[in-house]
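Student: quick check, what structure comes out for this input:
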Amino acid sequence: MATLDLQEQEQVDAFKHWWKDYGKFVLLALAILSGGFAATKGWHYYNEKQTGEAATLFSELNKQIASNDPKRINDAAAAVIDKYGSSAYAPRAALVSAQINIQAKDAAHAKTQLQWVIDHSGEEGLKDVARLKLASLLLDEKSYAESLALLEGTHPDSFVGLYADLKGDVLNAQGKLEDARAAYQQAYEKVDPKSPIRNLIQMKLDALGGAK
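Tutor: Numbering: from 1, shown residues only. Predicted coordinates:
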């Protein structure tokens, strides 16, 4: 079985840390922005006054993101969720808040927000983002069965590679190397060739002896 030398392992660990905290935020940002116009339009027809209020609160949340202050961001997100929990803005606010808490190492708070998205969002894309992030947190806690349960099922093509990669991480942590290799191989084939995560997946495959 191929193994990584110390320098390679440090590179893998550093990249995994960066991707966990920041790389997937790109995916989150796309999910938050996607459908934004449709959501705003839908709110307009539903109630013009509430649309403006919800949009104002969400805009305030966006401003607070620049502060990088978890409390201010959480408070702004809570205002959106508490007042407009049934709106399209609420799950997006919860995802933003969860990401900030992940970066602040507040896993308990982040898990609560991610579960809220899974339970309440009407958009499958947002639920997929939340499940992926929650599964990653559960992996960190060595709650392998719970993590894998979130990773099962079908997903849109844009998520298949990311889900397979994380599934490989869980299986690898369990010592199920053959299953992990198969998951990484699927991830490698599904992830966009231009994505930086593809290099990390290749390193994981190399560490397990490559594809068969």
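Student: Ala66 - how many residues pack around it?
Tutor: 8 (other Cβ atoms under 10 Å). Glycine gets a C-beta too; all of them are placed from N, C-alpha and C.
Student: meant to ask about Met203, not that
Tutor: Counted with other Cβ under 10 Å, Met203 comes out at 17.
Student: any idea how far Tyr144 is from it?
Tutor: 22 Å (Cβ to Cβ, to the nearest Å).
Student: equivalent analysis for Ala135, please.
Tutor: In terms of Cβ to Cβ, Ala135 sits 10 Å off from Tyr144.
Student: the two: who's more crowded?
Tutor: Ala135 (24 against 15).
Student: figure out the helix or strand that the more buried one lives in.
Tutor: In this structure, Ala135 sits in helix 124-140 according to DSSP states H and E.
Student: and that helix, what does it pack onto?
Tutor: Under the contact definition 3 or more Cβ pairs under 8 Å, 6 or more residues apart in numbering; DSSP states H and E, helix 124-140 sits against helix 24-33, helix 89-103, helix 107-120, helix 144-151, helix 157-173.
Student: between those, which gets the lowest average pLDDT?
Tutor: Among the helices and strands packed on helix 124-140, helix 24-33 carries the lowest mean pLDDT, a mean of 47.
Student: excluding chain neighbours, what is closest to the residue most central in space within the chain?
Tutor: What sits nearest the mean C-alpha location of the chain, by Cα atoms, centre = their mean, is Lys133, with 3.7 Å. In space, and not counting its chain neighbours, Lys133 is closest to Leu114: 5.5 Å by Cβ to Cβ, 6 or more residues apart in numbering.
Student: list the contacts for the one you found?
Tutor: Taking Cβ atoms under 8 Å, 6 or more residues apart in numbering as the criterion, Leu114 is in contact with 94-95, 98, 130-131, 133-134, 137.
Student: domains for the chain, by residue range?
Tutor: The chain breaks down by automatic domain parsing into domains covering 1-31+144-212, 36-122.
Student: which of those domains has the highest mean neighbour count?
Tutor: Of all the domains of the chain, domain 36-122 has the most neighbours on average by mean count of other Cβ atoms under 10 Å, namely a mean of 18.
Student: tell me how far it lies from the chain's centre.
Tutor: A distance of 15 Å separates the centroid of the chain from that of domain 36-122, by Cα atoms, centre = their mean, to the nearest Å.
Student: which pLDDT value belongs to Ala180?
Tutor: Reading off the model, Ala180 has pLDDT 95.
Student: before we move on, which element is it in?
Tutor: helix 177-190.
Student: hmm, who's touching that helix?
Tutor: The contact list for helix 177-190 (Cβ under 8 Å, 6+ apart) reads 1, 157, 160-162, 164-165, 167-169, 171-172, 198, 201-202, 204-205, 208-209, 211-212.
Student: now the angle from it to helix 144-151?
Tutor: Orientation check (axes from the mean of the first three to the mean of the last three Cα atoms, to 10 degrees): helix 177-190 against helix 144-151 gives 30 degrees.
Student: could you check the angle helix 177-190 makes with helix 157-173?
Tutor: 160 degrees.
Student: which other helices and strands does whichever helix or strand comes after helix 177-190 contact?
Tutor: Where DSSP H and E defines the elements, the next helix or strand beyond helix 177-190 is helix 197-207. Contacting helix 197-207 under the criterion 3+ Cβ pairs under 8 Å, 6+ apart are the following elements: helix 6-18, helix 157-173, helix 177-190.
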